[in-house]
Each structure stands twice: as structure tokens, then as C-alpha cells.
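In: how would this look folded up:
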Amino acid sequence: MPISPEAHTVKQFDVQLANLRNMVMEMGGLAEDQLKRAIAALDEEDLAATRETIARDRIINGLQLKADEECISIIALRQPLGSDLRLIMSLASIVTDLERIGDGAKKIARMTLHIYDGVSSPPSAKLLRDVKPMAQTAATMLHDCLDALARLDVPKALSIIHSDTELDQEFQGALRRLITYMMEDPRTIGHAINVVFIIKALERIGDHCKNIAEHTVYLVEGKNIQQRRNIDMNVVDALVKDVEMTWTNNP
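Out: Residues are numbered from 1 along each chain as shown. Modelled structure (predicted):
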């Protein structure tokens with residue numbers, strides 16, 4: 001069942017919770033923008049935009065500190081229980097994942113500098129062939145998990161687990177191709193290693209999006225579904241149907 005929308009007797013408590021939610025969503029928007037900037041800078045070989053993306057990471061870090069302080073303040077002053085405590089703890093965990101997504105975008109930007117700001121010639125297109133589709137998958141996951149969080153949409157949050165499996169498969173395929181390129185032509189090793197760091201950053205961003213989706217389910221339903229890499233997708237499908245039926249019967 002969804003978390004209770006009832007107001008608290010102490011109105012300032014509602015204000016604090018609303019401010020915390022808004023702060024987390026603002027942080028999510030910044031993380032999403034950082035990922036888009038990092039990928040665009042790589043695609044366009046724009047070193048100025050790359051350096052700007054790296055510099056902007058401090059904004060997300062600053063918001064993380066503010067959100068953490070707000071969580072501690074609310075717990076200390078209000079001593080929340082039940083769904084209120086679940087909300088605060090879930091948002092605190094989501095803040096950590098968003099900060100790490102920002103770090104992932106920063107890592108992509110740093111690798112872009114290594115690729116295009118050196119003395120060697122740019123890499124061939126085949127080395128970068130898997131970056132764009134993986135980036136699209138990761139960006140979609142990030143947008144969807146933030147939308148699920150904003151709407152408290154449990155079925156949508158659960159569906160993100162499927163996307164993470166897809167991104168993991170894309171990563172494994174890309175890694176195999178890069179290894180093949182390095183074996184065929186050792187001169188590509190330098191650039192190929194930088195690309196490995198990029199696709200690994202994208203794969204990790206997908207993991208953090210999955211974490212956010214799981215925290216959203218816990219926030220709303222009170223169910224801890226922290227899944228592992230070998231998750232049985234039939235179990236997830238059954239859980240999605242169960243949640244959808246519950247929401248239909250108890251709007």
C-alpha cells in the first residue's frame with residue numbers, strides 16, 4: 001500500500017519532509033543533466049564541455065552534504081517512526097546513489113580528456129561503437145527511476161530491474177569486443193582501456209538506478225527487495241503483477 005499522505009500535527013515536520021524530498025529530486029535532476037553533458041561532450045569531442053562537467057560535480061556533492069544533514073536533523077528533532085522513518089532512510093540511501101551517479105558522469109568526462117586531450121590520434125569509431133547505446137540505456141534508466149520516485153510508482157520501479165539486466169548484457173558484449181580489438185591490434189590498447197572505464201562507469205550508473213528503484217519500492221511498500229545479479233526475472237514479473245493488483249483493488 002502507498003505511504004500515508006496524512007498531514008502531521010506539527011506542520012513544520014511536513015515542511016521539513018517536503019524540503020528533503022525536493023532536495024533529493026533536485027539532486028536527481030542535476031545527476032541526469034551531468035550524465036547527458038558527459039555523453040554529449042564525448043560524442044562531440046568537446047573538451048571545454050568536458051571540463052565544465054567535471055567542475056559541476058561539486059554541486060551534486062554539496063547537495064548530498066545538505067541532504068545528509070537534513071536527514072540527521074529531522075531524525076534528531078522529530079524522532080520519526082513508521083512510514084516517516086522509512087521515507088527518511090530511503091531518501092538518505094537514494095542521495096548516496098545519486099552522488100555516485102554524478103561520480104560516474106565525472107569519470108566519463110575524465111576519460112574523454114584522456115582520449116582527446118593527449119598527443120595520440122583519436123580512437124577509431126569501432127572502439128566507441130558500444131558507448132552510445134549503453135549511454136542511452138543508462139540515461140533512460142535514470143530518468144525512469146527518478147520518475148518512479150517522484151510518482152511513487154512501484155510497478156515502474158520494479159520494471160527498471162529488467163533494464164539493468166539489459167545494460168549488464170550490453171556491458172559484457174562491449175567488453176568482449178574491446179578485448180578482441182586489443183588482441184588484434186596492440187596499438188589500440190591505450191584508447192581501449194579508456195573506453196573500458198567509460199562503459200564500466202555506465203554499467204555502474206545502471207546499478208545505482210536499480211538501487212534507487214529498490215529504495216522506492218521499500219519507501220512505498222515497506223518491502224526490502226534488494227536483489228542480486230542472478231535475480232530470477234520470473235519472480236520480479238510475479239511481484240509486479242501482485243503490486244499492480246494490490247494498487248487496483250486499493251486505490
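
In: Confirm for me that residue 59 is in contact with residue 30.
Out: Yes. Distance between residue 59 and residue 30: 6.1 Å, which falls inside the contact criterion (C-beta atoms under 8 Å). To be clear about C-beta, it is placed using only N, CA and C from the backbone, and glycine gets the same treatment.

In: Between those two, point out the one with more neighbours.
Out: residue 30 (19 against 15; other C-beta atoms under 10 Å).

In: Please read off the pLDDT at that one from the model.
Out: Residue 30 is assigned 97 on the pLDDT scale.

In: For it, which non-adjacent residue is spatially closest?
Out: In space, not counting the residues next to it along the chain, residue 30 is nearest to residue 60; the distance is 5.3 Å by C-beta to C-beta, 6 or more residues apart in numbering.

In: which stretches of the stretch 1-150 of the chain form helices?
Out: Taking DSSP state H, counting those that start in this stretch as the test, the helices found in the stretch 1-150 of the chain are 11-44, 47-78, 82-116, 131-151.

In: Tell me where the stretch 101-250 of the chain has strands.
Out: In chain order, the stretch 101-250 of the chain shows no strands, with DSSP state E, counting those that start in this stretch as the criterion.

In: Output the below-cut-off pLDDT ranges for it.
Out: In the prediction, the stretch 101-250 of the chain carries residues with pLDDT under 70 at positions 119, 227-250.

In: Just the pLDDT at the residue lying closest to residue 23 once chain neighbours are set aside, thanks.
Out: Sequence neighbours aside, residue 67 is the residue nearest to residue 23 in space, at 5.1 Å (criterion: C-beta to C-beta, 6+ apart). For residue 67, the model assigns a pLDDT of 94.

In: do the same with residue 84
Out: 88.

In: Tell me how many other residues crowd it.
Out: For residue 84, the count of nearby residues is 18 (other C-beta under 10 Å).

In: Same check on residue 226?
Out: Neighbours around residue 226, by other C-beta under 10 Å: 10.

In: gap between it and residue 217?
Out: With distances taken as C-beta to C-beta, to the nearest Å, residue 226 is found 10 Å from residue 217.

In: How about residue 120: what's its closest non-neighbour residue?
Out: residue 190 (6.6 Å).

In: wait, residue 13
Out: Of all residues beyond its chain neighbours, the one nearest residue 13 is residue 78 (5.4 Å), with distances taken as C-beta to C-beta, 6+ apart.
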